[in-house]
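J.: just need the structure, nothing else, for what follows:
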Amino acid sequence: MKKSLLSLMVLTFSFGIFAQINPHSIGLRLGGGNAFGTEISYQRGLSDQNRLEVDLGIKTHKKYSGFNLAGIYQWIWPIEAGFNWYAGPGAQLGSWSWKSGYNGDDDGFYIGISGQIGIEYNFTEIPIQISLDTRPGIGLINSHDDFIFDIALGLRYTIGY
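T.: Numbers count the residues shown, from 1 in each chain. Model (predicted):
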């Protein structure tokens, strides 16, 4: 009985705990895997518990060039002072173009779905946020890769923290 009462109290009070969500954050998301690598990242706080992240990656290589635009809806949960974890679903779209002399008939536009899960720290003394996350995705329409896996380190300037 005591355990049940204690569990109920913890659960009740945990719903009142919110993460510190910045109204706006802008910076870079430095990624790897078979995704686009470095992206310009923007986050917009929507409420005390969620936000929208939009990332634009542009890649130029000696064989091809392209862009990727990702939009992720995120829920944020506090861990401890300044630390949060987040997760959410999203979508990606983009295009790629092979340069002259490299498999030129395989240019295109693609659409896919993705998810994101990560951890972040918001500094209290300075308006900086640092994060580490993963964004796996599945190509749906005209995708060059059926499965995309990305791990990234984010560094953003927070506005209105």
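
J.: which stretches of the protein have low pLDDT?
T.: Using pLDDT under 70 as the threshold, the predicted model of the chain has low-confidence ranges 1-20, 32-36, 101-106, 143-145, 161.

J.: can you report phi and psi for the most centrally placed residue in the chain?
T.: The geometric centre of the chain, computed from its C-alpha atoms, lies nearest to residue 116 (C-alpha atoms, centre = their mean), at 5.4 Å. With angles defined as degrees, to the nearest 10, residue 116 sits at phi -140, psi 140.

J.: right, and it touches residue 134 too?
T.: Yes: using C-beta atoms under 8 Å, residue 116 is in contact with residue 134, at 7.1 Å. For every residue, glycine as well, the C-beta is placed using N, CA and C.

J.: show me where this protein has helices.
T.: 2-14 (DSSP state H).

J.: quick one, strands of it?
T.: Along the chain, the stretches classed as strands by DSSP state E are 24-31, 38-45, 50-60, 64-80, 83-98, 108-122, 128-134, 137-141, 147-148, 151-159.

J.: report the distance from the third one to the chain centre.
T.: Just to be clear, that refers to strand 50-60. Taking the mean C-alpha point of strand 50-60 and that of its whole chain, the gap between them comes to 7 Å (C-alpha atoms, centre = their mean, to the nearest Å).

J.: can you check the fourth one too?
T.: Once both centres are worked out by C-alpha atoms, centre = their mean, strand 64-80 turns out to sit 2 Å from its chain's centre.

J.: mind listing what it pairs with, with the direction of each?
T.: strand 50-60 (antiparallel), strand 83-98 (antiparallel) (DSSP bridges).
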